[in-house]
Structure formats: structure tokens, C-alpha cells
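Q: Provided below are the primary sequence and the corresponding predicted coordinates.
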Amino acid sequence: MNRRHFLKLTAVAGAACASGRLSPTESHARASAPNLSSAARTLGEHRIAKMEVRRLRDQFGRRVGANSRGRVVGTGGAYQARRIVTDKGATGWAMSHWKPDQVKQFIGARVGDLYDVEQGTTVEAMKLDRVLDDLAGNILCLPVYKMFGARGPASVPLYSGAVYLDDLLPEDKPRGIDGVLQSCRQDYEAGYRAFKLKIGRGFKRMPRKAGMKRDIDVTRAVRRSFPECKVLVDANDAYTVAEACTYVTAVADCDLYWIEEPFEENREGLLKLHEVMDKVGCKALIAEGEGRKAQADPLTAYGGYTSEFIDRLYELAAEKLVDVFLFDLGIVGFTRWRHIMPSLIAAGVKASPHTWMWLPRPYYAAQLAAGVGNIPIVEGIPGATNGIDTSAYRLRNGELVMPETPGFGLKLS
């Protein structure tokens, strides 16, 4: 296919996809990223005609327990979504917490003035971040991950992030370790092949020694029951350095995939932890960076994370003390994630954006992973949302297969 025919077909496919009319002859345009100038021209032909707000509520597959610090999570959370309709009938939607009067100035704006395929959402339109990604993908008839370059695998490993301290539920008659195994079994049957276990029961849920023993017993029980699955653990900074060392020594043969936030990150503690891990043969990755004590104001290149926080993590990564950055998907912002990924790659550190606890977010993170790469695994949340059709996606042997559906591939009914 020559360049002139490619540009013509891309423009035709974009218009057809935006209107819902895509012939078999034109459909192969989905498989190629658009020429940037052609994409900009196509996006510039659309103006935002209206925006609608929708309230949604998730329904987890079960009642999810507490972590080491917080309260029982429950059965799902509520959130707001925003849907954009253009003057040519194209639509796009995503989670968006802003009030209508905070985004009304974008009514009538050209989509091409607010969104660039290569750069993402403009700084001025950041309140419409993710919504514009979906809209642009629908207009151009491309999945988000292909707009981003398709630098990662199109099948993204997912772990279940919903295995909390379920051994302590129900409160009046705790099920013990069987409660955690039941949660893992439910998620396994849903297609997951990796589980993140909450640990740190001795912080406030149980006496210190009893809590540590339960953490160890749960980890070993899950590893024994699911030998082919990845096992990740997350203490939510509940351990002391000494406790973290005790834990890794006791589960050294469990082949942990990663250890998340064992204690508040500090160089001396992580040096000691790595020393013990090397001694006992624990090869788990250390994952850090979700939690923050201060909110950036004004926002930084990392969104709501302060420069001091980010600089400290990069210093730890430079010494190979931290392997994976877990910055929250929303705190950073979707477009900013695209821009900071080259810095993470240059630093030799992997990424896995924190997505808990709203169900659309793992799909956003998976599209990001397939688009920009350097994300080896994504936090999944088992469950469903009344009003969202996720059937374009398939969870197969623990991997979420990216659909060829335009945008994020999520339908809002």
C-alpha cells in the first residue's frame, strides 16, 4: 500500500469509525498507527458538542477485607464518569471526577486543540485526560495502546489485587486461612494466575507474633495451593525492618514475585532487607511508590507526587534497592504516565501503576502497558460494573488480551 493510499484510508477509517460505519475493506486501518498530520487533521474536524456525567458503582466478586492499616473494603465503590459527544457524533468516555462547571469551557473546542496523538492531552485540557484518549481512539478507529505506539505485549499479565485479610472475615466467625484460599480460588476460576496477598496483620489486627505467623502461614498456604501462580505480597508499610527480614527468611522458598511497601522506604532499611534476601535466596522484586505523605502543589511532572518524593525513589532505584515504581494511575495522570516512562526506563526501573479500587482503572493501565511498555504486570480487580460492557477484553491464563476495539474498548450503556 503506497503512502497516499494509506493516508486516504486512515482518514476514511477515522470518519467511518467515528460514525460507527467501518467496512471490511477499511477495517485493516485499525492495525496501523495513523500518520500524525493526518490524525491531527481528523481530530481537528471534531468539536465537543456536549458532555454528560454518569454515576457508576462497582460490584466486587465478594466482600473484600481490610489491609494492615485500613478498614474492611466491602463490595465495591462508586465514582463518576464523563461522556463526550462531538458535533460529528463521535463519543468517548472515562472516569472523571470533575464537576460540570469545571470543564464547561471545553464545549465547542476542537478535539485537535485539546489532544495530540503523540503527546496526549494538553496541559490546559488535563481535566479531560483519559476521556480524550477514548474519544481520539474512537475518532481515529484505533485502540489506545496502538495510538501510544504498541511498544509492549498485546497480552498484559494481571494479578488479583483483591486478596485482602480475608482470613479475618466475617468478623463474628473468621474463616482463617481458608478464607484467603477461597478468595484466591475464586479469582483463579475468573482467569487470574497471580495473587497479591495483604500482610502485616500484627500491625493492628493481631498480636505482633501471632500476626507474623499468620502472614507466613497464609503465604505458604497460597504457594502450596497454587504452585503455578505468581505470588506477590503487600504490607502497606506495616512492618518494621526487622519484621520484614523475619518474613522474607521464613518464606524464602515461596518464590515471591514482589514485596510491596514492606516499611516506609529508607536506604538503611532497604540495604538490610536486601542483605537478608541475598543470604536466604529470596529474589523478589521490591515495589514502592504508591503512598505519599505530601501532595504536590502545583503539580509536578509526576502529578500529585512531590519532587522530593520522586527524587528519593530514583536515588533508591539507582542503588538497585527498589525495582518497581507503583505511582497511582490517577495521582500521576494518564498523559503524564506516557511522558515519565522514558525516565523510568533510563533508570532501569519497572512500573506498575496503582489502580485499586475502581474497576475501569486496570483496563486503562493495561492499555498503557501495551502502549508504552515497561509494565510487566498490572493490578486487576475482579468484579463487574452495572453499566459498563467489558466483553471486548479476554482474561486468558492470567493475561488480559488487548482488543482491537477503538479507544479503551469499554462500552458505556
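A: Arrived safely, thanks for sending. Numbers count the residues shown, from 1 in each chain.

Q: any weak-confidence spans in this protein?
A: Along the chain, segments meeting pLDDT under 70 span 1-34.

Q: domains of it?
A: Under the assignment automatic domain parsing, the domains of the chain span 3-142, 155-412.

Q: and of those, who's closest to residue 148?
A: For residue 148, the closest of those is domain 155-412, at 2.7 Å, according to CB to CB. No exception for glycine: its C-beta is placed from N, CA and C like everyone else's.

Q: what about the helices in the protein?
A: Here the chain has its helices, by DSSP state H, at 3-18, 36-44, 100-103, 111-114, 131-140, 144-147, 177-189, 208-225, 241-250, 267-280, 307-318, 329-332, 334-346, 360-372.

Q: can you redo these as JSON lines with distance to residue 90?
A: Shown next, in JSON lines, are the helices of the chain (distance: least, CB to CB, whole Å):
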{"stretch": "helix 3-18", "distance to residue 90": "4"}
{"stretch": "helix 36-44", "distance to residue 90": "10"}
{"stretch": "helix 100-103", "distance to residue 90": "17"}
{"stretch": "helix 111-114", "distance to residue 90": "8"}
{"stretch": "helix 131-140", "distance to residue 90": "5"}
{"stretch": "helix 144-147", "distance to residue 90": "15"}
{"stretch": "helix 177-189", "distance to residue 90": "36"}
{"stretch": "helix 208-225", "distance to residue 90": "46"}
{"stretch": "helix 241-250", "distance to residue 90": "51"}
{"stretch": "helix 267-280", "distance to residue 90": "48"}
{"stretch": "helix 307-318", "distance to residue 90": "36"}
{"stretch": "helix 329-332", "distance to residue 90": "25"}
{"stretch": "helix 334-346", "distance to residue 90": "19"}
{"stretch": "helix 360-372", "distance to residue 90": "18"}
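
Q: and these: which comes nearest residue 299?
A: helix 334-346 (8.5 Å).

Q: how about stretch 360-370 as CSV, C-alpha atoms only?
A: C-alpha atoms of stretch 360-370 as CSV (Å, rounded to 0.1, in the frame of the first residue of the first chain):
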residue,chain,number,x,y,z
PRO,A,360,-12.1,0.6,34.9
ARG,A,361,-8.6,1.5,36.0
PRO,A,362,-7.0,-1.9,35.3
TYR,A,363,-8.2,-1.6,31.7
TYR,A,364,-6.6,1.8,31.4
ALA,A,365,-3.4,0.6,32.9
ALA,A,366,-3.3,-2.4,30.6
GLN,A,367,-3.7,-0.2,27.6
LEU,A,368,-0.9,1.9,28.9
ALA,A,369,1.3,-1.2,29.4
ALA,A,370,0.6,-2.5,25.9
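
Q: and that stretch, what's buried?
A: For stretch 360-370, the buried set under the neighbour-count rule, 16 or more other CB atoms under 10 Å, comprises 360-370.

Q: burial of residue 202, as a residue count?
A: Around residue 202 there are 21 other residues, counting by other CB atoms under 10 Å.

Q: same check on residue 115?
A: Residue 115 has 28 neighbours, counted by other CB under 10 Å.

Q: please apply the same query to residue 331.
A: 18.

Q: OK, contacts around it?
A: Contacts for residue 331 (CB atoms under 8 Å, 6 or more residues apart in numbering) come out as 292, 303-305.

Q: check the gap between it and residue 279 for me.
A: Computed as CB to CB, to the nearest Å, the residue 331 to residue 279 distance reads 36 Å.

Q: pick out the most distant pair among the contacts of residue 331.
A: Using CB to CB, those reach their maximum pairwise distance at 292 and 303, which is 10.3 Å.

Q: more neighbours, these two?
A: A direct count of neighbours by other CB under 10 Å for residue 292 and residue 303 places residue 303 higher, at 22 against 16.

Q: show me what the more buried one is bridged to.
A: Beta-bridge pairing for residue 303 (DSSP bridges): residue 300.

Q: so what's it up against?
A: Residue 303 neighbours (CB under 8 Å, 6+ apart): 296, 327, 331-333, 336.

Q: then residue 198?
A: With contact set as CB under 8 Å, 6+ apart, residue 198 has these partners: 65-68, 163-165, 233-236.

Q: apply 6 Å and report the result again.
A: 67, 164-165, 234 (CB atoms under 6 Å, 6 or more residues apart in numbering).

Q: at the geometric centre of this structure, which residue do we find?
A: residue 365 (3.6 Å; CA atoms, centre = their mean).

Q: grab the longest strand from the protein for me.
A: strand 48-60 (DSSP state E).

Q: that one packs against which elements?
A: Packing contacts for strand 48-60, counted by 3 or more CB pairs under 6 Å, 6 or more residues apart in numbering; DSSP states H and E, involve strand 78-86, strand 383-385.

Q: wait, which of these is closest to residue 219?
A: Nearest to residue 219 among the helices and strands packed on strand 48-60 is strand 383-385 (24.2 Å), distances taken as CB to CB.

Q: can I get the buried part of the contacts of residue 303 as one ChimeraX selection?
A: Those of the contacts of residue 303 that count as buried under 16+ other CB under 10 Å are selected in ChimeraX with:
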select :296,327,331,332,333,336
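
Q: could the contacts of residue 303 go into CSV alongside distance to residue 110?
A: Below are the contacts of residue 303 laid out as CSV (distance: CB to CB, whole Å):
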residue, distance to residue 110
296, 30
327, 31
331, 29
332, 26
333, 22
336, 23
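
Q: so what's residue 214 up against?
A: When contacts are counted by CB under 6 Å, 6+ apart, residue 214 touches residue 201.

Q: repeat that for 7 Å
A: 167, 201, 206 (CB atoms under 7 Å, 6 or more residues apart in numbering).

Q: is it correct that residue 411 is in contact with residue 385?
A: No. Counting by CB atoms under 7 Å, residue 411 sits too far from residue 385 to count as a contact (11.2 Å).

Q: many thanks, I have nothing further to ask.
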